[in-house]
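**Student:** Just to be clear, the model below is a prediction. Sequence and coordinates:
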Amino acid sequence: MPQRELAGDASPARPHLHALPGGERDAGSPEGHVLIDMPERQDAEDPLRAGLRAVAEAEDPAPAVEREPSAGDRPGRARALWTAAWPKLAAAAMALALWELVVLSGWRPEYVLPGPGAVLARLWTDLLAGDIGVAAAITMKRALLGYAIAMVAGVGLGLVLARVKVLRTAAGSLLTGLQTMPSVAWFPLAILLFQLSEAAILAVVVLGAAPSIAIGLLTSTDQVPPLLVRAGKVMGARGFALYRHIIIPAALPGFVAGLKQGWAFAWRSLMAGELLVIIGHAPSIGVRLQFSRELSDAEGLLAWMLVVMVLGVLVDSLVFGALERKIREGRGLTAEHA
């Protein structure tokens, strides 16, 4: 079948001249024959080719390539932000309403469990006074430093275990045990080794986050299709180049999930460390929480707990959420398939 017929440009059947004996002679025709028009015989079209031709006729790629998107084709920036923010705002409103209902039920007196109005007012007061900014800066500095060290250690350990199968067989279970070990259990050893210092807090943060990052890297590399690895080797990728150009890009979604889980472990370890290791000259969020508990300041305690939760949500949305969206867009995955 000609290619232009598959594209829907097939011309109608052309008449074919057949000579039959008898009748009047026509100019240029053989003697004793007449010329009649008969359509050319065509064989039945193959069903597969017919389907391909139908698809080619239905497709119209020109508008998708040539048409310039107008201003009304894409939502505005404000609309996109609202679309992403309103589910979170609705969930927060539902949580506050449930909190208020629990307070109104009289389950606990208000000096033990204050309502959301009093707590939010206290939060606003501390924010204007600058206490929240100072404490958040100290805590986030520790979190970023500890997470950076954990990421370097976790990625290095994960790559080594992925390359050396014998070492992975020997240390794989140990790595899982380190991940499942509660971070609070590390603090007696950390305090014994580093005293009440910043190093004790950072050590526990690293020990809490690094195993999760390493396991996430290992799991994601195990899920890389072997066909991609063979194709990379055929094209000459070996050693570090194979991991850099083939394995790591293919394992990127799972690796980002491991990084996200590692951040969750690091954040929880840091909060536990700041509650246990009190450093007087560094009024971090954990120190403020501990002081509020010792002074029976329920409003301040709940206000600082909200600060911890808000910071966790912001990091997840602005860092890991944006990174996951970039990966989906790079792989051609829409929001409906995500």
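**Tutor:** Received, thanks. Residues are numbered from 1 along each chain as shown.

**Student:** thought residue 243 was touching residue 159?
**Tutor:** Yes. The criterion here is C-beta atoms under 8 Å, and residue 243 meets it with residue 159 at 6.9 Å. The way it works is simple: take the backbone N, C-alpha and C, and place the C-beta from them, glycine included.

**Student:** For the residue most central in space within the chain, pull up the helix or strand it's in.
**Tutor:** Nearest residue to the geometric centre of the chain (C-alpha atoms, centre = their mean): residue 324, 2.7 Å. For residue 324, the host element (DSSP states H and E) is helix 322-330.

**Student:** Show me what counts as buried in that helix.
**Tutor:** 324, 327 (16 or more other C-beta atoms under 10 Å).

**Student:** elements contacting it?
**Tutor:** Other helices and strands packing on helix 322-330, by 3 or more C-beta pairs under 8 Å, 6 or more residues apart in numbering; DSSP states H and E, are helix 252-276.

**Student:** for the record, mean pLDDT for stretch 283-295?
**Tutor:** The average pLDDT within stretch 283-295 is 88.

**Student:** Pull out the buried positions in it.
**Tutor:** For stretch 283-295, using 16+ other C-beta under 10 Å, the buried residues are 283, 284, 285, 286, 287, 288, 289, 290, 292.

**Student:** who touches that stretch?
**Tutor:** Under the contact criterion C-beta atoms under 8 Å, 6 or more residues apart in numbering, stretch 283-295 has outside partners 131, 134-136, 138-139, 142, 270-271, 273-275, 278-279, 297-298, 300-301, 304-305, 307-308.

**Student:** quick one on the thing from earlier: now, which of the buried residues of stretch 283-295 lie within helices?
**Tutor:** 285, 286, 287, 288, 289, 290, 292 (DSSP state H).

**Student:** between the residues you listed, which is nearest residue 183?
**Tutor:** residue 286 (12.9 Å; C-beta to C-beta).

**Student:** distance of that closest one from residue 273?
**Tutor:** 7 Å (C-beta to C-beta, to the nearest Å).

**Student:** Next: residue 279.
**Tutor:** As judged by C-beta to C-beta, residue 279 and residue 273 stand 10 Å apart.

**Student:** Show me which of these two is the more surrounded one.
**Tutor:** Set residue 279 next to residue 273 and count neighbours by other C-beta atoms under 10 Å: residue 273 wins out with 27 against 16.

**Student:** and that one, how far is that from residue 106?
**Tutor:** On the measure of C-beta to C-beta, residue 273 and residue 106 end up 36 Å apart.

**Student:** With residue 160 instead?
**Tutor:** From residue 160 to residue 106 the distance is 58 Å (C-beta to C-beta).

**Student:** Pick out whichever of these two has more residues nearby.
**Tutor:** Set residue 160 next to residue 106 and count neighbours by other C-beta under 10 Å: residue 160 wins out with 13 against 9.

**Student:** State the helix or strand in which that one lies.
**Tutor:** helix 131-163.

**Student:** Against which helices or strands is the following helix or strand past that helix packed?
**Tutor:** Downstream of helix 131-163, the next assigned helix or strand under DSSP H and E is helix 165-180. With contacts taken as 3+ C-beta pairs under 8 Å, 6+ apart, helix 165-180 sits against helix 131-163, helix 198-222.

**Student:** For residue 319, find the nearest of the ones you listed.
**Tutor:** Taking C-beta to C-beta, helix 131-163 is the member of the helices and strands packed on helix 165-180 nearest to residue 319, at 10.4 Å.

**Student:** how far off helix 198-222 does that closest one point, in degrees?
**Tutor:** For helix 131-163 against helix 198-222, the angle by axes from the mean of the first three to the mean of the last three C-alpha atoms, to 10 degrees is 50 degrees.
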